[in-house]
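Undergrad: give me the fold of what follows.
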Amino acid sequence: VRRRGLTIRTPIAEGWSVRELILGGARSGKSAYAERRAADSGLEVVMVVTAEAGDGEMAERIARHRANRPADWAVVEAPLGLAQALRDTAAPGRFVVVDCLTLWLSNLLMDLDEQRGAPLPARFVRERTALLDTLPGLPGHIALVSNEVGWGVVPMGRLSRVFVDEAGRLHQAIAGVCEQVTLVAAGLPLHLKQP
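TA: Numbering: from 1, shown residues only. The predicted model follows:
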């Protein structure tokens, strides 16, 4: 709430349903921003995480994230079946943070045939469609964190190009069904779309 230049934080009303896309570059502060929003909401918090520990460095990152979260936040792992995880966890009076869409996207695209002209993996198409169909009807507050990857050079390999293309398409589609879209840079939020 804004009054005469002051920002007053108020908890999110329990009956409201809001979908929010939070975008930013690597180390922009987007995850920290989403977690602050969740903590400030006054609602029960569930983290839906999409990362898998494929190597030691990633395992360390996951452990750091776990250690920094409040102990009473529930964590649901959904490296592939994100729509189902959201259907299972979203509820009135609950703030669900998905961290992050680009890891989920890369998990689904790992089966991409590198041959020119090969179709997108069928599971990716099904899961993307399910997510876009599911989001508008979810109760509670849903914050989806994702990396903005389209501001760099065009990648050389097919998998990288498809990833950048599909991330951009996914962000546009999700922004279309979200009531709020926020871009985070240097830890500062820029609201692109608000209810």
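Undergrad: just for this protein, where's the confidence low?
TA: Applying pLDDT under 70 to the chain picks out residues 1-15, 114-115.
Undergrad: which parts of it are strands?
TA: 2-3, 6-7, 18-24, 44-49, 74-77, 94-99, 141-147, 180-185, 188-193 (DSSP state E).
Undergrad: pull out the buried positions in the third one.
TA: When you say that, I think you mean strand 18-24. Across strand 18-24, burial judged by 16 or more other Cβ atoms under 10 Å covers 18-24. C-betas here are computed from N, CA, C, even on glycine.
Undergrad: check which helices and strands the top helix by length along the chain sits against.
TA: Determined from DSSP state H, the single longest helix within the chain is helix 158-177. In terms of contacts (3 or more Cβ pairs under 8 Å, 6 or more residues apart in numbering; DSSP states H and E), helix 158-177 is packed against strand 18-24, helix 101-109, helix 122-134, strand 141-147.
Undergrad: identify the residues contacting the last one?
TA: For strand 141-147, contacts defined as Cβ atoms under 8 Å, 6 or more residues apart in numbering pick out 12, 16-26, 30-31, 34, 37-38, 41, 43, 86, 90, 94-102, 135, 167, 170-171, 174, 178.
Undergrad: please name the nearest non-neighbouring residue to Glu118.
TA: Heads up, residue 118 is Ala, not Glu. Residue nearest to Ala118 in three dimensions, not counting chain neighbours: Leu112, with 7.1 Å by Cβ to Cβ, 6 or more residues apart in numbering.
Undergrad: could you measure that neighbour against Ala71, distance?
TA: Plainly put, Leu112 is 38 Å away from Ala71 if you go by Cβ to Cβ, to the nearest Å.
Undergrad: likewise for Gly56?
TA: Counting by Cβ to Cβ, the gap from Gly56 to Ala71 is 25 Å.
Undergrad: export the buried residues of strand 18-24 to TSV and tack on distance to Val154?
TA: Shown next, in TSV, are the buried residues of strand 18-24 (distance: Cβ to Cβ, whole Å):
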residue	distance to Val154
Val18	35
Arg19	30
Glu20	29
Leu21	24
Ile22	25
Leu23	19
Gly24	21
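Undergrad: which one of those is nearest Arg128?
TA: Using Cβ to Cβ, Leu21 comes nearest to Arg128 of these, at 14.7 Å.
Undergrad: pretty sure that closest one is touching Gly176, no?
TA: No: assessed by Cβ atoms under 8 Å, Leu21 is found out of contact with Gly176, at 9.6 Å.
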